[in-house]
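A.B. asks: For reference, the sequence and a predicted model appear below.
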Amino acid sequence: MRISDALAMFLVQLQADGRSSHTIKQVERHVRLLARWAGDPPVAELGHEHVARFLASDAVRERADGGARKASSANAIRSSVRGFCAFAHGAGYAAKNAARLVRRARTRPPTPKALSDVDAAKLLGALAGAHGADELRDRALFTTLLRTGLRLGSALALDIEDLDFDAGEVRVRALKGGGEDAVVMPGDLAALLREHIGHRAGGALFLGSHGARIGARHARRRLAQWAKRAGIADGAHPHQLRHTCGQRIYRRTKDVLVVASALLHRSVASAAIYARADRAAVRAAMG
């Protein structure tokens, strides 16, 4: 059984384990990179020396365009290879775990790339001037991201039935890593969403011009257009809206537990980046 054959079985196992489609696609890219680099040998012949040379090679150290790969991206490849090799060994396809010696590189947690208060206000100001069905949908979508901190994929998967106006919550059924949870729906957002759905009783919350659920690529393009209209020099990306929400909550509460709960983080450690990013608090403490 070659690496590519074992990979196909590993992807099935990841699906069975409830891993997200994003994770599965990422693992597939990383292990296929290993297979191409090694010439797709039988997985039983893959040794820890091969894995070490692969992880030290330009295939991992450099991006496809020749630029240096980020340390966090290289770590993601290490994790994918570790998981694959552990699976191949556990499933009996290989006598040994070829990645048993692999360790993730130590890296600093990334600083949240939130919009500045000025740029967030510019974006909201531009969205306030929305008119026409598509622009009003954009206003509802991007305000939802800013006010709830949802990931773009989670927001685009919402249905009208997921809105609980009485409880002031939004049920989230498409979470990173699977499962379901709920986020708080602030009163101003609830009013906007009521206006957005109008007389519709069900179906996708955010629809495209052809009546189908809007896609992530289209949503990213729309946000870039709004950022340009708002005069945001560096543009905007949907995940920045999530970081903007998290940073705002931390500044108000100074409590990473609250941030983790609000953003539906599985680990409090994931929310600690917002505490480290609050440079204004550091300056005030040292002043």
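C.D. replies: Cool, the structure landed.
A.B. asks: Where does pLDDT dip in this structure?
C.D. replies: 109-110, 177, 277-280, 287 (pLDDT under 70).
A.B. asks: Contacts only, for the residue nearest in space to the middle of it.
C.D. replies: For the chain, the residue nearest the mean C-alpha position is residue 151 (6.1 Å; Cα atoms, centre = their mean). Neighbouring residues of residue 151 by Cβ atoms under 8 Å, 6 or more residues apart in numbering: 176, 238, 239, 242. Placement of C-beta: from N, CA and C, glycine included.
A.B. asks: Equivalent analysis for residue 200, please.
C.D. replies: With Cβ under 8 Å, 6+ apart, residue 200 has these contacts: residue 160.
A.B. asks: helix, strand or coil for it?
C.D. replies: Three-state call for residue 200 (DSSP: H, G, I helix; E, B strand; the rest coil): coil.
A.B. asks: Next, give phi and psi for it.
C.D. replies: In terms of degrees, to the nearest 10, the main-chain angles of residue 200 are phi -70, psi 140.
A.B. asks: separation between it and residue 187?
C.D. replies: Per Cβ to Cβ, to the nearest Å, residue 200 is found 21 Å from residue 187.
A.B. asks: Residue 161 now?
C.D. replies: The value you get for residue 161 to residue 187, if Cβ to Cβ is used, is 20 Å.
A.B. asks: OK, contacts around residue 213?
C.D. replies: Taking Cβ under 8 Å, 6+ apart, one finds 156, 157, 204, 206, 207 in contact with residue 213.
A.B. asks: Redo these as a markdown table? Include neighbour count, secondary structure and distance to residue 181.
C.D. replies: Converted to a markdown table, those look like this (neighbours: other Cβ atoms under 10 Å; DSSP: H, G, I helix; E, B strand; the rest coil; distance: Cβ to Cβ, whole Å):
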| residue | neighbour count | secondary structure | distance to residue 181 |
| --- | --- | --- | --- |
| 156 | 20 | helix | 16 |
| 157 | 18 | coil | 13 |
| 204 | 16 | strand | 20 |
| 206 | 19 | coil | 19 |
| 207 | 15 | strand | 24 |
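A.B. asks: List just the nearest of these to residue 20.
C.D. replies: residue 157 (11.6 Å; Cβ to Cβ).
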